[in-house]
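*Asks:* structural data only, the sequence is not supplied:
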């Protein structure tokens, strides 16, 4: 199926990702009817494919502090007539144990207290819920910001200390900013 998507002509990797992202999210464990948290959603590069995948009975909570990025996301949501996305400034208003999947993609390097983030995500995830992390900017992948001296084992250990267990590592094509590149995805389940 991925071959069919790649054979099409797209104006940009972002446009390509709107379709490839749905396939990617299925492969990492997102399902139809899921309630999903996209933490650090930005302009919605994962929010939009997730909304398409989870469908009308599912819901995507798009969380970010960047008002300019959220405004761009609002415009995309309106243009694409997506009704299953809630834009939020934080996760405090998300009901405890109501989310099936939480994405923290290309964001943990910017978070002041990753432990607080993991605890907040754990609060909203259902028992057995999935936390999927793309730790861009860690030691092996364009090191920088808060992860420049942190490797995948360090990240796995810190997430497990907060009540998750490591499930699986994926090496996949993923959208970073506006370009598709190779990335490592870490999946955890809530204990």
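*Replies:* It's in. All figures in this text were calculated on a predicted structure; none of them were measured in a lab.
*Asks:* can you give me the helices in the chain?
*Replies:* With DSSP state H as the criterion, the chain has helices at 2-6, 13-28, 47-54, 67-80, 114-124, 152-161.
*Asks:* got the buried residues for the longest one?
*Replies:* In other words, helix 13-28. By neighbour count on 16 or more other C-beta atoms under 10 Å, the buried set for helix 13-28 is 13-14, 16-25, 28. The way it works is simple: take the backbone N, C-alpha and C, and place the C-beta from them, glycine included.
*Asks:* so which of the residues you listed comes closest to residue 183?
*Replies:* Using C-beta to C-beta, residue 24 comes nearest to residue 183 of the buried residues of helix 13-28, at 10.1 Å.
*Asks:* surely that closest one and residue 52 touch.
*Replies:* No. Residue 24 is beyond contact range of residue 52, at 11.8 Å (criterion: C-beta atoms under 8 Å).
*Asks:* okay, now the nearest residue to residue 44 once chain neighbours are set aside: neighbour count?
*Replies:* Spatial nearest neighbour of residue 44, excluding adjacent residues (C-beta to C-beta, 6 or more residues apart in numbering): residue 73 at 4.1 Å. Residue 73: 23 surrounding residues under other C-beta atoms under 10 Å.
*Asks:* verify the contact between residue 73 and residue 60 for me.
*Replies:* No. Judged on C-beta under 8 Å, residue 73 makes no contact with residue 60 at a distance of 10.6 Å.
*Asks:* shared neighbours of the two, anything?
*Replies:* 47, 85 (C-beta atoms under 8 Å, 6 or more residues apart in numbering).
*Asks:* for residue 32, list the residues it contacts.
*Replies:* 53, 54, 55, 57, 58 are the contacts of residue 32 under C-beta under 8 Å, 6+ apart.
*Asks:* quick check, the second one in contact with residue 84.
*Replies:* Yes. Here residue 54 lies in contact with residue 84, judged by C-beta under 8 Å, at a distance of 6.6 Å.
*Asks:* pLDDT score assigned to residue 89?
*Replies:* On pLDDT, residue 89 comes in at 87.
*Asks:* could you give the number of residues near the closest residue to residue 94 other than its chain neighbours?
*Replies:* Distances taken as C-beta to C-beta, 6+ apart place residue 124 nearest to residue 94, at 4.6 Å, with adjacent residues excluded. By the measure other C-beta under 10 Å, the count of residues near residue 124 is 22.
*Asks:* measure residue 124 to residue 118 for me?
*Replies:* 11 Å (C-beta to C-beta, to the nearest Å).
*Asks:* and the residue nearest to residue 94, how far from residue 37?
*Replies:* Counting by C-beta to C-beta, the gap from residue 124 to residue 37 is 6 Å.
*Asks:* now for these two: what residues contact both?
*Replies:* 91, 94, 99, 102.
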